[in-house]
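K.L.:
turn this into a model:
(2 chains)
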Amino acid sequence: MSDVLEQTERIESTMLDSPWVTIVWNDPVNLMNYVSWVFRTYFGFSRAEANVRMLQVHHDGRAVVATGSREEMERHVEAMHDFGLWATLARAGE
Amino acid sequence: MKAFRRSRHQFVAVFNPDEAGTLSILASQLIALLEDLGSREADPAMLRLLPDAYSDDAEASAEFRRFTADDLASRKATNARRIVADLATAAAATSATAVKVNAQAAEAWVRSLTDIRLTIAARLGIETDSGDGSRDTQSPDPALLDLYDWLGFVQGSLVDCMDR
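P.N.:
Reported below is the predicted structural model:
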């Protein structure tokens, strides 16, 4: 599954030419319905997309939720910390 | 406690006075913790509330924290104050009282309930997610664990209402 994840990150970064990603990590505290709600509310994901990403966090331990410039990703990470989600940013493909 | 349900444009739950009082105290304790930011850098709860932004770059994480921590802590404290204010009547009552939370306040509630649960999880040493609902705690404290579960129930019921 991590291969698929890396591949997804690589494809996203290649297609968008955006070298940074926002990653949300699994933690034992955050409720699944809350994480899904955050993804829909903040990123504007559809219900289906939000659930896919939420389940990816839950099962794979992490999910890439955004790709773009470093400044943009820092804003997303700060917003995720506002929601109490465990998020980091990194260069795509790392 | 009766779980949150939607009533037109707001969300309503029924709290016993002791339940409202307990949640109000927890929210106040969170505010005190956030106001004491500078002296709590090594506090595991603080690391859950304001986690590292870079998983493998301590320097960049420290810089990110320098630019964002005060504002994040201030917004988190504002959210917690919303809970204290909304619970004031129910906490002072002598019988179970309906607590009405409007849509805007609900956003503060779910964020702050997360922060309170993150703090308690850090105290309990809840660090791993078994995926089957059971918890691996380092220092089991049954009363605190019950409280943690109850807060999850409160938050979950509110998110369910907001999610529709």
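K.L.:
low-scoring stretches of the chain, by residue?
P.N.:
All of this refers to chain A. Chain A contains residues with pLDDT under 70 at A:1-18.
K.L.:
not quite, go with chain B.
P.N.:
Filtered on pLDDT under 70, chain B yields the residue ranges B:128-139.
K.L.:
any chance you could map the strands in it?
P.N.:
Ranges of strands in chain B, per DSSP state E, are B:2-7, B:10-15, B:97-102, B:128-129, B:135-136.
K.L.:
relative to its centroid, which residue of chain B is most remote?
P.N.:
Centroid-distance maximum for chain B: B:Glu59 at 28.6 Å, with C-alpha atoms, centre = their mean.
K.L.:
distance of it from B:Lys2?
P.N.:
Here B:Glu59 is placed at a distance of 49 Å from B:Lys2 (C-beta to C-beta, to the nearest Å). Just so you know, the C-beta spots here come from the backbone N, C-alpha and C atoms, and that holds for glycine as well.
K.L.:
spatially central residue in chain A, please.
P.N.:
For chain A, A:Val65 is the residue whose C-alpha lies nearest the centre (C-alpha atoms, centre = their mean; 2.4 Å).
K.L.:
burial count for A:Arg70?
P.N.:
14 (other C-beta atoms under 10 Å in any protein chain shown).
K.L.:
for B:Asp160, same thing?
P.N.:
18.
K.L.:
leaving out sequence neighbours, find the closest residue to it.
P.N.:
Distances taken as C-beta to C-beta, 6 or more residues apart in numbering or on different chains place A:Asn33 nearest to B:Asp160, at 6.2 Å, with adjacent residues excluded.
K.L.:
all helices for chain A, in order.
P.N.:
In chain A, the helices defined using DSSP state H lie at A:2-16, A:32-43, A:47-60, A:70-83.
K.L.:
those: which one's closest to B:Arg81?
P.N.:
Closest approach to B:Arg81 among the helices of chain A (C-beta to C-beta): helix A:70-83, 15.3 Å.
K.L.:
in the closest one, which residues are buried?
P.N.:
Within helix A:70-83, the residues that count as buried by 16 or more other C-beta atoms under 10 Å in any protein chain shown are A:Met73, A:Glu74, A:Arg75, A:His76, A:Val77, A:Glu78, A:Ala79, A:Met80, A:His81, A:Asp82, A:Phe83.
K.L.:
filter these by proximity to chain B?
P.N.:
Counting by C-beta under 8 Å from any C-beta of the partner chain, A:Glu74, A:Val77, A:Glu78, A:His81, A:Asp82, A:Phe83 from the buried residues of helix A:70-83 sit close to chain B.
K.L.:
I'd assumed B:Leu72 was in contact with the fourth one.
P.N.:
Same thing as A:His81. Yes: the criterion here is C-beta atoms under 8 Å, and A:His81 meets it with B:Leu72 at 5.8 Å.
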